[in-house]
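**Student:** task: produce atomic coordinates for the following.
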Amino acid sequence: MFNKLNKIKNIKKNIISEEIPPGQFVTEKFPALTFGEIPNIDIEKWKLKITGNINYPFTLNWTDIQKYKMIKTTTPFHCITQWSRMVNHWEGIPFKKIYELAKPKPEAIYVMIHSYGGYSTNLDLQTLLEENVILAHIHDGSILSPEHGYPLRLVVPDRYGWKSAKWISKIEFTNNNLPGFWESRGYHMNGDYWKEERFS
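**Tutor:** Here you go, the predicted model:
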């Protein structure tokens, strides 16, 4: 137990010692910023549709999700509103698993993430294939709360937080980089926090 606590402390120390992106301040809090109302999702009826320009469209329910091997990752979370929570322990399915199952066509180099409640956000496929990108259902050892995306959210550590869509319902592989909800309202199409890509 003592060794486990030391390991956690060392992980936290190493992450906090990393450079903080420009324009950000560090907080221990994890605010829940949401467009619209928090959806009331019945886990028995929840589905995740994988669609678009792919060879194998499919749909997952919660039983299907639980069959896949989960991974753990510890990453910072940087919000466009300038707060950064430097240590977050996530657990979920690697996005790469979805990619492998769907087998997108070569020209499908972008992805639109759709959420319950009407939210959406766009990402390039290369960013989503990074090792630390997951479909998470656990944060800091607990199942996601409704305000943080229960039952499943995308986590994209290399982009501002609005790209880590909550309550995901559909992953759509596309040929074109179309704007999502906030992108169509002036947010940057890419959202790289090291470049301060907050707005277009």
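
**Student:** the longest strand in the protein is where?
**Tutor:** Using DSSP state E to define each element, the chain has its longest strand at strand 83-94.

**Student:** list the neighbouring strands of that one plus their orientation.
**Tutor:** strand 25-26 (parallel), strand 71-78 (antiparallel), strand 134-139 (antiparallel) (DSSP bridges).

**Student:** now do the shortest one: distance to the chain's middle.
**Tutor:** Yep, that's strand 25-26 we're talking about. 20 Å (CA atoms, centre = their mean, to the nearest Å).

**Student:** for the longest one, same thing?
**Tutor:** The gap between the average C-alpha position of strand 71-78 and the chain average comes to 10 Å, counting by CA atoms, centre = their mean.

**Student:** still on that earlier bit, now tell me what touches the longest strand of the chain from outside.
**Tutor:** 11-12, 15-16, 18, 20-21, 24-31, 65, 68-78, 131, 133-141, 152, 155 (CB atoms under 8 Å, 6 or more residues apart in numbering). Where you see a C-beta, it was placed from the backbone N, CA and C, and this is true even at glycine.

**Student:** what is whatever helix or strand comes next after that strand packed up against?
**Tutor:** Moving toward the C-terminus from strand 83-94, the first helix or strand encountered (DSSP states H and E) is helix 95-102. In terms of contacts (3 or more CB pairs under 8 Å, 6 or more residues apart in numbering; DSSP states H and E), helix 95-102 is packed against strand 47-52, helix 125-128, strand 134-139, strand 168-174.

**Student:** could I get the ones you listed as a markdown table with mean pLDDT, mean neighbour count and distance to N190?
**Tutor:** Listed next are the helices and strands packed on helix 95-102 as a markdown table, based on pLDDT from 0 to 100; neighbours: other CB atoms under 10 Å; distance: least, CB to CB, whole Å:
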| stretch | mean pLDDT | mean neighbour count | distance to N190 |
| --- | --- | --- | --- |
| strand 47-52 | 98 | 17 | 20 |
| helix 125-128 | 98 | 16 | 8 |
| strand 134-139 | 98 | 22 | 20 |
| strand 168-174 | 98 | 21 | 16 |
